[in-house]
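**Student:** Sequence below, structure please.
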Amino acid sequence: MICVLQFDAASVAVVGRMLAAGRLPVLTGLIARGEQMTLRTPADHFAAGAFHTLYSGIELADHGLFYPFQWDAASQRARYMTAFPAPPAIWERLARGGLRTLAIDPYESRPPHDWLGTYVCGWGFRDRVVLPRWSLPRAAATQLAGIHGEGPHATEIFGRPTVRELLALRTKLVAAPGRVAAAAVELLGRERYDLAWLTFSAAHLAGHQFWDLSQLAQAPEGRERELLEGALEDVYAEVDAALGKVLAALPGDCDVIVASAVGMDVNSSRADLLPQMLEAVLRGGPRPADGGGDAEGGAGAIWRLRAAIPTGARGAIAQALPDRVALELTARLELRGIDWSQTAAFCHPADNQGYIRLNLRGRERDGIVDPGEADALLRTIAEGLATFCDPDGAPAVASIDRVAEHHAGERTGRLPDLVVQWSERPATTLAGVHSASFGDVMRRGTGSGRSGNHTPGDAWAVVVPGAHAARSPARPPRLADVAATVAAVCGVDRAGLAGEPLLGEG
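**Tutor:** Below you'll find the predicted structure:
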């Protein structure tokens with residue numbers, strides 16, 4: 001048996017600090033028994049794309065999934081990610097070989113077509129976008145809820161949170177790792193599995209919301225401040241304790257991998273400003289004083305909407321809608337009101353790195369840019385965006401990468417054309433950016449309201465041999481190696497997998 005414990009989106013810096021302080025004793029013991037390694041990851045450009053690579057063992061350019069709401073060139077709009085085919089997760093490969101999987105809370109995943117075992121999503125907590133509630137068999141979640149209670153709803157709502165909302169979220173996230181462990185121990189004691197894949201997603205959301213308290217309009221005091229400032233490490237400590245409970249329930253010769261597909265640090269994203277920055281570059285200068293900018297559609301429309309309606313009200317509206325309706329509404333709003341006949345390039349939905357795609361003739365349904373002019377237009381956009389600075393004059397943009405130069409594969413056409421990498425400076429309280437050539441771009445509202453966000457890189461794993469021996473790949477280890485390792489340990493076909501096994505015959 002092999003067990004993958006996903007310490008989701010764990011900060012390398014925070015984990016290191018807590019290991020040194022003795023606050024992660026279970027992880028410390030695993031590191032002593034195994035090998036800790038850095039993994040190459042597509043998160044250097046596409047943070048959310050790392051999850052499908054982790055689960056499937058297929059590289060990002062070959063699966064093309066990189067954000068919950070993605071551009072559909074054939075319909076000229078954004079759609080929720082389930083509208084696009086996904087590569088089979090490693091547990092589907094095992095099922096086709098007659099092997100059983102226990103999977104709990106696979107982040108940004110979906111119900112498998114081929115399955116054998118028990119799969120429960122939205123268990124530690126539910127997020128309708130990245131952790132929707134589903135289970136296979138369909139009765140599995142209901143049966144577990146009868147024993148352990150229903151998991152809470154904790155869908156992330158972009159915008160400025162209140163102290164009360166963060167305190168409520170802290171309570172849910174501190175409890176979530178224990179819920180995942182309790183369900184896993186219950187099921188491991190009841191049935192036999194060849195693979196257990198358990199995701200502790202509380203660490204992920206806690207990193208976004210509790211990196212610091214800069215997103216609050218006014219800092220709390222006393223006990224409330226103490227609880228919120230310590231929330232991130234409290235959640236990490238609960239994940240560590242949950243790891244210990246799961247390990248105690250596993251067979252003694254079980255191979256174990258602890259992995260994090262993406263990193264976390266201070267939020268430096270200016271993605272909500274990018275639509276207006278791009279608009280200014282394409283226009284060739286600042287917007288005229290009487291040029292408006294408050295229209296309902298156009299550049300950054302969804303960020304204007306988020307700024308206009310408080311998070312609590314938007315959350316209540318979304319909660320009242322069926323998941324399918326809420327997701328479709330969000331997808332429709334992402335690029336609402338754009339006049340495609342006049343739009344040469346647009347900002348793809350994003351909340352971390354910035355994504356820009358050309359409205360290319362022959363690729364987009366309503367494309368207007370001649371392919372022969374694409375190279376010059378991309379160069380103009382990159383040079384123009386590089387002129388924007390923060391209010392103190394420091395560059396707002398660290399680099400702008402052409403995706404085609406870094407990601408080549410079967411699904412490259414789904415990806416944006418440019419990735420904007422931001423300055424590493426905190427951006428939560430940023431009022432706007434300025435360019436001597438293109439003028440001021442002021443933030444509407446508070447952006448995502450996250451104080452923490454993903455880093456380019458910082459994926460890691462701890463590989464602990466059980467029945468198998470450690471094995472070194474022929475090149476630096478990659479995220480795709482995790483699925484390849486599961487396939488190798490379980491003895492199923494590895495054809496088509498991009499990774500190399502990190503464990504082999506003892």
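**Student:** Which helix or strand in the protein has the lowest average pLDDT?
**Tutor:** helix 301-308 (a mean of 79; mean pLDDT, DSSP states H and E).
**Student:** distance between the helix or strand following that helix and the chain's centre?
**Tutor:** Sequence-wise, the next helix or strand downstream of helix 301-308 (DSSP states H and E) is helix 311-320. The chain centroid and the centroid of helix 311-320 are separated by 22 Å, computed with Cα atoms, centre = their mean, to the nearest Å.
**Student:** The helix or strand that comes right after helix 311-320 - contacts with which helices or strands?
**Tutor:** Later in the chain than helix 311-320, the nearest helix or strand by DSSP H and E is helix 323-334. Counting contacts by 3 or more Cβ pairs under 8 Å, 6 or more residues apart in numbering; DSSP states H and E, helix 323-334 is packed against strand 69-72, strand 77-80, helix 301-308. Glycine gets a C-beta too; all of them are placed from N, C-alpha and C.
**Student:** Counting by contacts, list what the longest one packs against.
**Tutor:** In other words, helix 301-308. Applying 3+ Cβ pairs under 8 Å, 6+ apart, we find helix 301-308 packed against helix 323-334.
**Student:** likewise the first one?
**Tutor:** Taking 3+ Cβ pairs under 8 Å, 6+ apart as the contact definition, the neighbouring helices and strands of strand 69-72 are strand 77-80, helix 323-334.
**Student:** got TSV for those, with distance to Pro501 too?
**Tutor:** Output for the helices and strands packed on strand 69-72, formatted as TSV (distance: least, Cβ to Cβ, whole Å):
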stretch	distance to Pro501
strand 77-80	34
helix 323-334	37
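**Student:** which one of those is the most hemmed in?
**Tutor:** Most buried of these by mean neighbour count (mean count of other Cβ atoms under 10 Å) is strand 77-80; its value is a mean of 19.
**Student:** among the helices and strands packed on helix 323-334, which is nearest His148?
**Tutor:** For the helices and strands packed on helix 323-334, the distance to His148 is smallest for strand 77-80, at 29.2 Å, taking Cβ to Cβ.
**Student:** Can you give me the buried ones in the helix or strand just after the closest one?
**Tutor:** Where DSSP H and E defines the elements, the next helix or strand beyond strand 77-80 is helix 90-96. By neighbour count on 16 or more other Cβ atoms under 10 Å, the buried set for helix 90-96 is Ile90, Trp91, Glu92, Arg93, Leu94, Ala95.
**Student:** These: which two are farthest apart?
**Tutor:** Distance extremes for the buried residues of helix 90-96: the farthest pair is Ile90 and Ala95 at 9.8 Å, using Cβ to Cβ.
**Student:** Low-confidence ranges, the chain, go.
**Tutor:** Filtered on pLDDT under 70, the chain yields the residue ranges 288-299, 506.
**Student:** go with 80
**Tutor:** Within the chain, the stretches with pLDDT under 80 are 286-301, 304-305, 307-308, 310, 315, 318, 505-506.
**Student:** Could you identify the longest helix within it?
**Tutor:** Longest helix in the chain, counting residues (DSSP state H): helix 163-188.
**Student:** the inter-axis angle of it versus helix 311-320?
**Tutor:** If you take axes from the mean of the first three to the mean of the last three Cα atoms, to 10 degrees, helix 163-188 sits at 40 degrees to helix 311-320.
**Student:** what packs against helix 163-188?
**Tutor:** Counting contacts by 3+ Cβ pairs under 8 Å, 6+ apart, helix 163-188 is packed against strand 101-104, helix 140-148, strand 195-200, helix 202-210, helix 222-229, helix 231-249.
**Student:** how far does the helix or strand that the last one is followed by sit from the chain's center?
**Tutor:** Right, helix 231-249. Sequence order places strand 255-260 as the next helix or strand after helix 231-249, per DSSP H and E. Offset of strand 255-260 from its chain centre (Cα atoms, centre = their mean): 19 Å.
**Student:** Strand partners (parallel or antiparallel) of strand 255-260?
**Tutor:** strand 2-7 (parallel), strand 459-464 (antiparallel) (DSSP bridges).
**Student:** what residues does that strand touch?
**Tutor:** 1-10, 27, 30, 34, 39, 54, 243, 247, 250, 458-468, 482, 485, 489, 502-503 (Cβ atoms under 8 Å, 6 or more residues apart in numbering).
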